[in-house]
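> Sharing a model prediction with you, sequence too.
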Amino acid sequence: MHSRRPAFVVGVLAVLLVVAACGVESGTPTADVSETPAATELPTGEPSAPASPEGSVQPVDLTVGLGYIPSVQFAPFYLAEQQGYYEEAGLNVEFLHQTDQDLIPLVGQGTVDVGIGDGTSVIPAVSQGIPVRYLATIYGKFPSIVFAKESAGIRTPADLAGRKLGTPGRFGSGWVALQAMLQSAGLTPEDLEIVEYPDFGQGAAVAADQVDAATGFANNEPVQLELSGTPASVLRVDDIVALPGPGLIAGVGTLEEQQDAVQAFLTATLRAMEEIKGDPEVGLDAAIAKVPELGADRDTQRAILEATIDSWEGPLQAERGLGAVDRDGWQASIEYLDDLGLVPNPITIEDVLRDDLLPAGD
């Protein structure tokens, strides 16, 4: 495959330099264009929780990198904080909301304890020696998509031939997903006219008919099109290759020192996800409480959140519960990214996964 797409291999190697866990077009989608498990007590084995003068156990501090500006897509974290699920688990959680292209390395260094990392960034990072592990799935459906106006007549990847397609650049999860779609139809990027939008304006370009289609996220651009009254069509990569979506990651050193605290964080967060899945309004309320300006257009934020919830649950999560990790899918993804030249040093799924920390039954 390398000989067939040398230009692509050079281009997508940029993902090794842009290993953002939650950045635009490099992992978690942005969504701000503008039976529930019992609460978990921190296991008694936590080694670093000092006693207060009264003899009570002090909460364990965890820094959590969400990797982008506050938005409704992070509703589970806000809900878990506001409902006291983290506090009940013996945790004091601090969120980092910032565009941080170094998030995965920071998690590997232990500067950030837990973060959101896209599988297509985690695999190359681990292959390059960054000591992180993927713990739980957030997006069971790969959220990076190709979208278009329904009127463009783009129903399958084959329909992209000869079309003009917008993308922020030849890097990141959206670019990887596009390659899989094109390959499934016997196409390469050279069979399209690729227009790059480094300022991430490809969604506006579709709306203005400057391009026929674009890469984006399932809970972002097509939602905006639909809300504007323009029917959208969406191409997803899930049926072509099981690329791992964004999920929770932690550094190997953090897991060695604070495994119990990280496990408690996973359980509390998944509890909030299940609660929002059952009643999206509680998630919407939590997001608006955290980011009041989101309340200026509650209907739009509700639509974005509903699209986000839909992306949480792939077939495996529907069977085993939110957070479940598709090990077979990860193996296929490692092999696929290796074929693209993104795995410079051989790795196995055991090098990237620690799904044993999920609550029982996941």
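The structure has been received and is ready for your questions.
> what are the ranges of the strands in this structure?
Remark: strands assigned in the chain by DSSP state E are 60-65, 91-96, 114-117, 132-137, 144-149, 164-167, 193-196, 213-217, 232-236, 247-251.
> Make JSON lines out of these and add distance to Ala264, mean neighbour count and mean pLDDT.
Placement of C-beta: from N, CA and C, glycine included. Shown next, in JSON lines, are those (distance: least, C-beta to C-beta, whole Å; neighbours: other C-beta atoms under 10 Å; pLDDT from 0 to 100):
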{"stretch": "strand 60-65", "distance to Ala264": "8", "mean neighbour count": "22", "mean pLDDT": "97"}
{"stretch": "strand 91-96", "distance to Ala264": "6", "mean neighbour count": "17", "mean pLDDT": "96"}
{"stretch": "strand 114-117", "distance to Ala264": "11", "mean neighbour count": "29", "mean pLDDT": "95"}
{"stretch": "strand 132-137", "distance to Ala264": "12", "mean neighbour count": "26", "mean pLDDT": "98"}
{"stretch": "strand 144-149", "distance to Ala264": "30", "mean neighbour count": "25", "mean pLDDT": "98"}
{"stretch": "strand 164-167", "distance to Ala264": "39", "mean neighbour count": "22", "mean pLDDT": "98"}
{"stretch": "strand 193-196", "distance to Ala264": "43", "mean neighbour count": "14", "mean pLDDT": "98"}
{"stretch": "strand 213-217", "distance to Ala264": "30", "mean neighbour count": "29", "mean pLDDT": "97"}
{"stretch": "strand 232-236", "distance to Ala264": "33", "mean neighbour count": "19", "mean pLDDT": "97"}
{"stretch": "strand 247-251", "distance to Ala264": "12", "mean neighbour count": "28", "mean pLDDT": "97"}
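> roughly how far out does stretch 192-203 sit from the chain middle?
Relative to its parent chain, stretch 192-203 has a centroid offset of 21 Å by C-alpha atoms, centre = their mean, to the nearest Å.
> For the protein, which segments count as helices?
6-12, 75-82, 85-88, 103-109, 119-127, 172-184, 202-207, 221-227, 252-278, 280-290, 298-312, 315-320, 327-339, 349-352 (DSSP state H).
> List the buried residues in the third one.
Meaning helix 85-88. Neighbour-count burial for helix 85-88 flags 85-86, 88 (criterion: 16 or more other C-beta atoms under 10 Å).
> cool, and the longest one?
Using 16+ other C-beta under 10 Å as the test for burial, helix 252-278 gives 252, 254-255, 257-277.
> do the same with the fourth one
Within helix 103-109, the residues that qualify as buried by neighbour count (16+ other C-beta under 10 Å) are 103-108.
> what mean pLDDT does that helix have?
Average pLDDT, helix 103-109: 93.
> before we move on, what about the last one?
For helix 349-352, the mean pLDDT works out to 97.
> can you give me how far it is from the chain middle?
So, by C-alpha atoms, centre = their mean, the centroid of helix 349-352 is 18 Å from its chain's centroid.
> Let me know the pLDDT of the spatially most central residue of the chain.
Per C-alpha atoms, centre = their mean, the C-alpha nearest to the average position across the chain is that of Pro246, at 2.5 Å. Predicted confidence (pLDDT) for Pro246: 94.
> who's in contact with Gly314?
137, 140-141, 238, 245, 326 (C-beta atoms under 8 Å, 6 or more residues apart in numbering).
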